[in-house]
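J.: Show me how the following folds:
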Amino acid sequence: MINNKLTGMGVALITPFKTDESIDFEAMARLIEFQIKNGTDYLVVCGTTAETPTLTADEMEQVARFAVECVGGRLPIVLGIGGNSTKAVVDKIAAFDMPGVHAILSVTPYYNKPSQEGLYQHYAAIAKASPLPILLYNVPGRTGVNMLATTTLRLANEFPNICGIKEASGNFSQIDDIIKNKPADFMVISGDDAITFPLITLGAVGVISVIGNAFPREFSRMVRLALEGDYASARQIHHRFTELIELLFVEGNPAGVKSMLALMGYIENKLRLPLVPNTIKTYEKIKFVLNQLN
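T.: Reported below is the predicted structural model:
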């Protein structure tokens with residue numbers, strides 16, 4: 001079952017770039033091996049953290065196929081396919097053919113701000129077209145629209161292949177409402193590293209993580225301990241990373257985690273415009289906290 005494969009810590013994999021802004025596939029291979037060897041439960045490719053809006057359609061396919069090849073079946077892979085044109089998303093999903101991908105993560109339409117009925121109809125069309133399980137992705141801070149619990153639950157109850165939601169609204173009441181009223185096999189996954197621990201105590205099954213790019217062993221251990229009910233041990237790890245998680249997002253994602261991975265020697269500290277690297281001030285703060293953790 002897909003639920004068993006997507007429990008625990010998924011990592012929203014970054015896309016490393018060279019100085020000339022071409023994709024650094026050698027660095028990506030290193031990062032994937034780092035994840036596999038250090039406790040990551042599954043990978044999310046071409047998500048927000050991958051700077052997907054700056055990738056061409058050809059590049060997104062190259063990244064996805066490269067990740068599938070590197071993983072070689074050792075971890076489940078979730079692929080981001082979303083957009084604000086329902087027809088374009090449906091056409092892409094309907095034509096999808098990539099063995100090695102286990103589920104699709106599809107973000108709520110952005111910019112055009114659909115109503116709750118529009119969100120329902122968007123995902124209903126996707127669910128009917130998809131050959132793979134669908135994870136909904138609610139991130140109103142980026143998209144400008146919040147999918148309410150009533151809409152999420154409506155979709156969860158009506159479409160068996162909508163298997164869960166990555167919830168990044170930060171609204172505990174809304175997320176708890178989903179957890180309390182969802183079908184038994186519908187997964188609620190944290191989309192926010194900072195509140196993963198408390199969400200697991202409410203019934204979330206894990207996280208799709210940004211900080212896991214740099215600390216897969218430690219953060220996946222926190223998630224596992226929390227899922228096992230060892231809240232005291234999990235809380236200690238959660239508190240250990242609180243300051244660093246805040247720094248990761250102070251100047252936008254993935255600038256913070258790319259600074260960290262550059263400091264660790266895995267990648268060049270390069271983003272594609274309109275995203276830019278952290279300021280020196282934030283970079284030095286990340287460096288200081290990173291040194292304290294090591």
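
J.: What distance do you get for Phe215 to Lys281?
T.: Look at Phe215 and Lys281: by CB to CB, to the nearest Å, they are 22 Å apart. Quick note: C-beta positions are derived from backbone N, CA and C, even for glycine.

J.: how about the helices in the stretch 101-250 of the chain?
T.: 116-129, 140-143, 149-158, 172-181, 196-202, 216-227, 231-249 (DSSP state H, counting those that start in this stretch).

J.: Using CSV, lay out the ones you listed together with mean neighbour count and mean pLDDT.
T.: CSV is the format used below for those (neighbours: other CB atoms under 10 Å; pLDDT from 0 to 100):
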stretch, mean neighbour count, mean pLDDT
helix 116-129, 18, 98
helix 140-143, 15, 96
helix 149-158, 19, 98
helix 172-181, 16, 98
helix 196-202, 20, 98
helix 216-227, 21, 98
helix 231-249, 17, 96
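
J.: Out of the ones you listed, which is closest to Arg65?
T.: Of all those, helix 116-129 sits nearest to Arg65, with 21.1 Å by CB to CB.

J.: So what touches stretch 59-66?
T.: By CB atoms under 8 Å, 6 or more residues apart in numbering, the residues outside stretch 59-66 that reach it are 15, 23, 25, 28-29, 45-46, 50, 52, 55, 79, 98, 101.

J.: got JSON lines for the helices of the stretch 101-250 of the chain, with distance to Val107 too?
T.: Formatted as JSON lines, these follow (distance: least, CB to CB, whole Å):
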{"stretch": "helix 116-129", "distance to Val107": "10"}
{"stretch": "helix 140-143", "distance to Val107": "6"}
{"stretch": "helix 149-158", "distance to Val107": "14"}
{"stretch": "helix 172-181", "distance to Val107": "17"}
{"stretch": "helix 196-202", "distance to Val107": "19"}
{"stretch": "helix 216-227", "distance to Val107": "22"}
{"stretch": "helix 231-249", "distance to Val107": "17"}
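
J.: Of these, which is nearest Phe288?
T.: helix 231-249 (9.4 Å).

J.: so how far is the helix or strand following the closest one from its chain's centroid?
T.: Of the helices and strands lying after helix 231-249 in sequence (DSSP states H and E), the nearest is helix 255-263. Distance of helix 255-263 from its chain centroid, counting by CA atoms, centre = their mean, to the nearest Å, is 17 Å.

J.: continuing past helix 255-263, what's the next helix or strand?
T.: Taking DSSP H and E, what comes next after helix 255-263 is helix 280-293.

J.: That next one - contacts with which helices or strands?
T.: helix 231-249, helix 255-263 (3 or more CB pairs under 8 Å, 6 or more residues apart in numbering; DSSP states H and E).

J.: Please tabulate those helices in a markdown table, including the columns distance to Lys87.
T.: Compiled in a markdown table, those are given as follows (distance: least, CB to CB, whole Å):
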| stretch | distance to Lys87 |
| --- | --- |
| helix 231-249 | 33 |
| helix 255-263 | 33 |
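
J.: and of those, who's closest to Ile36?
T.: So among those, helix 255-263 is nearest, using CB to CB, at 16.1 Å.

J.: List the contacts of that closest one.
T.: 14, 16, 31, 49, 210-211, 213-214, 244, 247-250, 267-271, 275-278, 282-283, 286-287, 290.
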